[in-house]
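Peer 1: Sequence first, then the predicted structure:
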Amino acid sequence: MFNAEVGDAGYGEDPTLNRLEKLAAEMLGKEDAAFVSSGCQGNLTALLAHCPRGHEVVVGDRSDLYDFEAGSVSVVGGLVLHPVPTETDGRLSLDNLRSAIRDKSDYQCAQPGVIVLENPHCQRGGRVLPESYIKEVRELADERGQPLHLDGARIFNAAIASKRSPAEMAKDFDSIMVSLSKGLAAPFGSVRDGDAGSLGVTISVRYDGLHLATLSIASSRDVELIDSGCDSVMSVQSFWLCTVQGLLHPIPAELPMKNDFIAHLSAKLAGLKSAGLRARLHLDARVRDQTRGWYQGSEFLRQQLSWFRRESISARRG
């Protein structure tokens, strides 16, 4: 950060920011990109660019946008969230989407504004949405005259899992938000990509270069590290999301059991489905080294959670 090239981002004079946004736009196949401080801010500004206040955002009821962004699109943007059921594989059924999109001629209701998908889906075990399904939603959006936004916080993980480029993953969407701290080892920040004309609603911070010097998406080294085969962060992180986070969903067929530790952990924690566990990995530590520590810690974790559950039951009975 001390050596970062800086300038006034408000006038487009921050060279570090300009390089980051240019790279993000190229990698995701969009006209332009805007750096924002968080994924929440990225989704918010994207949706505000698509529709004015009082319009409706059709979104999954187990999406990060609906559950974990503090209702910001309503509080700040004046948009109405319309949740529809999220299937176990992260899809929003086409029938539910059709029912959720209001008739524009009915002025008693909030006007339809935008459809939002999440890929990969965090609360559904890191599942990657099928390409065929996304095309069907795109067709529905075009039929109803609706823009389509992607919460793609972990899109690089999904791209590697499906052996497609990030640009291919994003091509059917009018806009996409990508988090730089999800799998890309940056300490904070996100980028919002889309058509150049849709990026006007973005909060700019002067001298962003000081912050952007910490964002490692600008280094091809980190993208290569994610895609380093069986010993990659992405592969084990996906398994963790499937087996540890709630243990409520089966491991997807598209994620073969390559790591014995996953089976070991699943067996150890099989009785703790309500614990709502989640694990995070460190990009600079080899997966083999991390799994060695997890083997040693999983039994201790199981014992501690079992103790906590017993104490909670005793307290309720008392």
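Peer 2: On my side now, so go ahead. Numbers count the residues shown, from 1 in each chain.
Peer 1: where does the protein dip in pLDDT?
Peer 2: Within the chain, the stretches with pLDDT under 70 are 1-2, 183, 185, 197-318.
Peer 1: If we use 50, what do you get?
Peer 2: In the predicted model, the chain carries pLDDT under 50 at residues 203, 205-207, 216-262, 272-276, 295.
Peer 1: And the helices in it, which stretches?
Peer 2: Using DSSP state H, the helices assigned to the chain run over residues 15-28, 39-50, 64-67, 72-75, 94-100, 131-144, 155-162, 166-170, 209-212, 220-226, 233-243, 260-268, 287-317.
Peer 1: which residues sit against the second one?
Peer 2: Outside of helix 39-50, the residues within contact range by CB atoms under 8 Å, 6 or more residues apart in numbering are 34, 36, 57, 64-65, 69-70, 72-73, 76-77, 79, 113-114, 116, 147, 149, 151, 153, 174-179, 182, 190-192, 194, 198-203. (C-beta placed from N, C-alpha, C; glycine too.)
Peer 1: ok and the longest strand along the chain relative to helix 39-50, angle-wise?
Peer 2: For the chain, the strand with the greatest residue count under DSSP state E is strand 112-118. Calculated by axes from the mean of the first three to the mean of the last three CA atoms, to 10 degrees, strand 112-118 forms an angle of 150 degrees with helix 39-50.
Peer 1: Mind listing what's buried along strand 112-118?
Peer 2: Within strand 112-118, the residues that qualify as buried are 112, 113, 114, 115, 116, 117, 118, counting by 16 or more other CB atoms under 10 Å.
Peer 1: Surely the last one is in contact with residue 154?
Peer 2: No - under the contact definition of CB atoms under 8 Å, residue 118 does not touch residue 154, with a separation of 9.2 Å.
Peer 1: which among the contacts of helix 39-50 end up buried?
Peer 2: Buried among the contacts of helix 39-50 by 16+ other CB under 10 Å: 34, 36, 57, 64-65, 69, 72-73, 77, 79, 113-114, 116, 147, 149, 151, 153, 174-179, 182, 190-192, 194, 198-199, 202.
Peer 1: The residues you listed in strands, which ones?
Peer 2: Among the buried ones among the contacts of helix 39-50, the ones falling in strands (DSSP E) are 34, 36, 57, 113-114, 116, 149, 151, 175-179, 190-192, 194.
Peer 1: roughly how far apart are residue 110 and residue 57?
Peer 2: Taking CB to CB, to the nearest Å as the measure, residue 110 falls 9 Å from residue 57.
Peer 1: Touching both of these two, which residues are there?
Peer 2: 80, 82.
Peer 1: With only the CA atoms kept, save the longest strand of the chain in PDB.
Peer 2: Presented in PDB, the C-alpha positions along strand 112-118 are these (Å, rounded to 0.1, in the frame of the first residue of the first chain):
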ATOM      1  CA  PRO A 112     -41.500  -5.500 -11.800                       C
ATOM      2  CA  GLY A 113     -37.900  -4.500 -11.800                       C
ATOM      3  CA  VAL A 114     -35.200  -7.200 -11.900                       C
ATOM      4  CA  ILE A 115     -34.500 -10.900 -11.400                       C
ATOM      5  CA  VAL A 116     -31.600 -12.000  -9.300                       C
ATOM      6  CA  LEU A 117     -29.800 -15.400  -9.300                       C
ATOM      7  CA  GLU A 118     -26.900 -16.500  -7.100                       C
END
